[in-house]
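Q: Prediction below, plus the sequence it came from.
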Amino acid sequence: MALQTTLKNRMVCQGVGVHTGILSTVTLLPAPEGTGIIFRRTDHPGIAGTIPARFDRVTDTKLGTTIGNVYGVKIHTIEHLMAAIVGCGVTNVIVEIDGAEVPIMDGSAAPFVFLIECAGVVQQSTPQRAIRVREVVRVEDGDKYAELLPGTGFSAELEIAFENCPVIDRQFYAFDLDAPSFKAELARARTFGFKHEVEYLQANGHALGGSLANSIVVDGDRIMNVEGLRYADEFVRHKLLDVVGDMALAGAPLLAQFRGYKTGHALNNQLLRALFARKSAWEAVTLHGRRPALKPAERPMYPGALAAAE
């Protein structure tokens, strides 16, 4: 039986936000069964600082994925940490942060994976619940698209195209999500940008914490980072890392195939909203085994996890 999981110990890390440039501290805490993934702003105590990691709590997708609550409290750039949490197979965790943005660390999910591995992952006694996609759901924006199809686990494939940038050009990657595959294939892939865009953002008060230490920067036909790339196709792998983090906002593990072309945070979130807006397209199930025989869940997922959809 596939059981819910949480962390064995609390772990702490510190770093600057890529957009705010502000130092913040993140604490990952074990959580009871049925908690799901919850963020807490410790500079806004109590319920005012609490934000469930859910698709319907996304307030902005321009420069990353931002979640917020009815009190106006927001947390920016959660996607890499979210990817690490689900990539390591953690279903219940409380993320405390004393600022408005998750640290960028080295621009990948690898530091968060290391943090989770140091904390340890332990099984709990309650079976996992998941969201099984039953029908194809697709969203489009011009030539860009993202879609979810029925699947027995979570798999993803993505193509990106930067025809005017020979350093990137067209790249394709596909993988099946489990902890070893995530760590080996996606976790170390860093965020990237173009030199002229970074300069524009910084001139307008964004990307204040961005640097060659936490981003791949492309300038014309060259990569500015002295160490080069971690993977020959690091760009598409990072975009898939973002997909994993954004799809984790479903509120429970997804049993689905993801396919995308030039997708980003906005389209990823639109896809989840489209999925849950069509009740025939999904069902809540209880997992029995790794690639399980499934039966419908007898009660809602995690408390409030699908409140917006149900």
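A: Received the coordinates, thanks.

Q: Number of residues surrounding Ile22?
A: A count of nearby residues for Ile22, using other Cβ atoms under 10 Å, gives 13. Any C-beta I mention is one placed from the backbone N, CA and C, and that applies to glycine too.

Q: wait, what's in contact with it?
A: The neighbourhood of Ile22, defined by Cβ atoms under 8 Å, 6 or more residues apart in numbering, consists of Val16, Gly99, Ala100, Glu101, Gly209.

Q: Columns secondary structure and distance to Leu241 on top of those, output as a markdown table?
A: Conversion of the contacts of Ile22 to a markdown table gives the following (DSSP: H, G, I helix; E, B strand; the rest coil; distance: Cβ to Cβ, whole Å):
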| residue | secondary structure | distance to Leu241 |
| --- | --- | --- |
| Val16 | strand | 20 |
| Gly99 | coil | 23 |
| Ala100 | coil | 22 |
| Glu101 | strand | 18 |
| Gly209 | coil | 19 |
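
Q: Need the buried ones from the residues you listed selected in PyMOL.
A: The buried residues among the contacts of Ile22 can be selected in PyMOL (16 or more other Cβ atoms under 10 Å) with this line:
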select buried, resi 16+99+100+101+209
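
Q: Between the contacts of Ile22, which sits nearest Ala2?
A: Compare each of the contacts of Ile22 with Ala2 using Cβ to Cβ and the shortest gap goes to Glu101, at 33.0 Å.

Q: if I look at the closest residue in space to the closest one that isn't next to it in sequence, how far off is Ala232?
A: Once its chain neighbours are removed from consideration, Glu101 has its nearest residue in Gly17; the separation is 3.1 Å (Cβ to Cβ, 6 or more residues apart in numbering). With distances taken as Cβ to Cβ, to the nearest Å, Gly17 is found 29 Å from Ala232.

Q: quick revisit: hang on, isn't the residue nearest to Glu101 packed against Ile75?
A: No. Under the contact definition of Cβ atoms under 8 Å, Gly17 does not touch Ile75, with a separation of 10.0 Å.

Q: anything in contact with each of these two?
A: Contacts common to Gly17 and Ile75, judged by Cβ under 8 Å, 6+ apart, are Ala100, Glu101, Val102.

Q: burial count for the last one?
A: Residues near Val102, counting by other Cβ under 10 Å, number 26.

Q: My understanding was that it contacts Ile75; is that so?
A: Yes. With contacts counted by Cβ under 8 Å, Val102 reaches Ile75, the gap being 6.7 Å.

Q: Remind me which helix or strand the closest residue to Asp221 other than its chain neighbours belongs to.
A: Residue nearest to Asp221 in three dimensions, not counting chain neighbours: Pro166, with 5.5 Å by Cβ to Cβ, 6+ apart. Following DSSP states H and E, there is no helix or strand that holds Pro166.

Q: From Gly264, how far out is Pro166?
A: Separation of Pro166 from Gly264 (Cβ to Cβ) stands at 21 Å.

Q: same deal with Val226?
A: Taking Cβ to Cβ as the criterion, Val226 is separated from Gly264 by 28 Å.

Q: More neighbours: which of these two?
A: In this view Val226 and Gly264 are compared by other Cβ under 10 Å, and Gly264 has more residues nearby, 20 against 6.

Q: what sits against the more buried one?
A: By Cβ under 8 Å, 6+ apart, the contact list for Gly264 reads Thr61, Lys144, Lys239, Asp242.

Q: Provide the backbone phi and psi angles at it.
A: Here the main-chain torsion angles of Gly264 (degrees, to the nearest 10) amount to phi -150, psi -170.

Q: Repeat that for Ala274.
A: Backbone torsions of Ala274, given as degrees, to the nearest 10, read phi -70, psi -40.

Q: That one: neighbour count?
A: There are 16 residues near Ala274, going by other Cβ under 10 Å.

Q: one step back: buried subset of the contacts of Gly264?
A: Buried members of the contacts of Gly264, counted by 16+ other Cβ under 10 Å: Thr61, Lys239, Asp242.

Q: these two touch, right, the first one and Ala266?
A: Yes. Under the criterion of Cβ under 8 Å, Thr61 is in contact with Ala266, at a separation of 4.1 Å.
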